[in-house]
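> Got a predicted structure plus its sequence, pasted below:
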Amino acid sequence: MSLSPPSSLRARAEALAGPLPPLQAQAEQLARTLLLGGHGRRQAGMGDEFWQYRPAEPGDAGRSIDWRRSGRSDGHFVREKEWQSAQSVHLWADLSASMGFSSDKNHPTKQERAGLLTMALAILLMKGGERVALASLGTPPRIGALQLRRIAEGLRFDPNAEAADAEAADYGAPDATSFLPKSRAVFLSDFLGPIEPLEHAIGAAADRGITGLLYQILDPAEEAFPFQGRTVFTSMAGGLRHETLRASDLRDRYLDRLSERKTQLAHLAHQAGWRFATHHTNSPAQPALLWLYEGLEGAR
């Protein structure tokens, strides 16, 4: 067994104790405003109904290990109870190229707003004793400072990332097949891409008894369509391009399509027992966070 030199240990310790990622710091501040407003949730109680065994993972407390079950195999296993599944929340924030759009430098991008709301919601849920997972990481719901740091890192958006299929990179879609049964989920996206992958994800979630929220995030220009004259419309990933000499002629058709998509999303959410709402990036983040937080309470 080799030991790291003191200088190396100190460097690693200083790195771990460094400042929070900017997103996490902003989210902490946003979550604090909600808690100060008296919207805190009571601590969830312990349950006693057995649900399943799962392999022990780094961060699990020793008291949570079922030693009798572990003695029958080469690994350690944790005995999970029903409340642990019910008190778990899976969060998906769309980080696709489409979400990088902002029509005004004074407004955040859709991705920035989705990331902030996702991070702040994770903080609030954990303060209430709930386990949280970021769906894109593919890890199970956990609680604690390390999990928050993982989520913050997972929400980083790399605008320079290259994709083999530029058109597919324009839009994202969640995958709910690995979500815990009877847990809850939140999907944040502009939902402007193909609807079929989302329908599949909601269907997979509903089959597992998962309830949750669909939260559409739009830039105000996407809601108002203020374009006139010669305009070139290009998708964020560059896979789609359309040029017109009279953009105003497209306005009514575009607004009809947007209204149709919102109707589809609301119907999809209703069928699955979920809730749906739309948020605009030029609006304050606090009311959006409150809607998400209280919406999850109703999704129990």
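Yep, that arrived. Numbers count the residues shown, from 1 in each chain.

> Need the phi and psi values for Leu255.
Here the main-chain torsion angles of Leu255 (degrees, to the nearest 10) amount to phi -60, psi -30.

> What separation do you get for it and Glu297?
33 Å (Cβ to Cβ, to the nearest Å). Just so you know, the C-beta spots here come from the backbone N, C-alpha and C atoms, and that holds for glycine as well.

> Could you identify the longest strand within the protein?
If you go by DSSP state E, the chain has its longest strand at strand 211-218.

> pLDDT of it, averaged?
Strand 211-218 shows a mean pLDDT of 97.

> Which residue is the nearest non-sequential neighbour of His270?
Spatial nearest neighbour of His270, excluding adjacent residues (Cβ to Cβ, 6 or more residues apart in numbering): Phe276 at 7.7 Å.

> I'd say that neighbour and Ala269 touch.
Yes: with contact taken as Cβ atoms under 8 Å, Phe276 and Ala269 are classed as touching, separated by 3.9 Å.

> And the residue nearest to His270, what's its pLDDT?
Confidence per residue is given as pLDDT, and for Phe276 that number is 97.

> Now Ser265: closest residue in space that isn't a chain neighbour?
Quick fix: residue 265 is Leu, not Ser. Leu265 sits nearest to Phe276 (Cβ to Cβ, 6+ apart), 5.2 Å away.

> Quick check: next helix or strand after the helix or strand hosting the one you found?
Counting by DSSP states H and E, the element that carries Phe276 is strand 275-280. For strand 275-280, the succeeding helix or strand toward the C-terminus, using DSSP H and E, is helix 285-298.

> For stretch 185-195, buried residues please.
When neighbours are counted by 16 or more other Cβ atoms under 10 Å, the buried residues of stretch 185-195 are found to be Ala185, Val186, Phe187, Leu188, Ser189, Asp190, Phe191, Leu192, Gly193.

> if we can go back for a sec, pull up the overlap in contacts between Phe276 and Ala269.
Leu213, Leu214 (Cβ atoms under 8 Å, 6 or more residues apart in numbering).

> count of neighbours near the residue nearest to Pro194 when sequence neighbours are not counted?
For Pro194, ignoring the flanking residues on the chain, the nearest one in space by Cβ to Cβ, 6+ apart is Tyr171 at 6.9 Å. A count of nearby residues for Tyr171, using other Cβ atoms under 10 Å, gives 23.

> Which neighbouring elements make contact with the longest strand of the chain?
On a contact count with 3 or more Cβ pairs under 8 Å, 6 or more residues apart in numbering; DSSP states H and E, strand 211-218 meets helix 110-127, strand 184-189, helix 251-272, strand 275-280, helix 285-298.

> following the second one, which helix or strand comes up?
Okay, so that is strand 184-189. helix 196-207.

> So for that following helix, mean pLDDT?
95.

> In terms of secondary structure, what does that helix contact?
For helix 196-207, the contact count by 3+ Cβ pairs under 8 Å, 6+ apart identifies strand 184-189, helix 251-272 as packing neighbours.

> Pick the most buried one from these.
With neighbours defined as mean count of other Cβ atoms under 10 Å, the helices and strands packed on helix 196-207 peak in mean count at strand 184-189, which reaches a mean of 27.

> and that strand, what does it pack onto?
Packing partners of strand 184-189 (3+ Cβ pairs under 8 Å, 6+ apart): strand 88-93, helix 110-127, helix 196-207, strand 211-218, helix 285-298.

> If we use 6 Å, what do you get?
Applying 3 or more Cβ pairs under 6 Å, 6 or more residues apart in numbering; DSSP states H and E, one finds that strand 184-189 makes contact with strand 88-93, strand 211-218.
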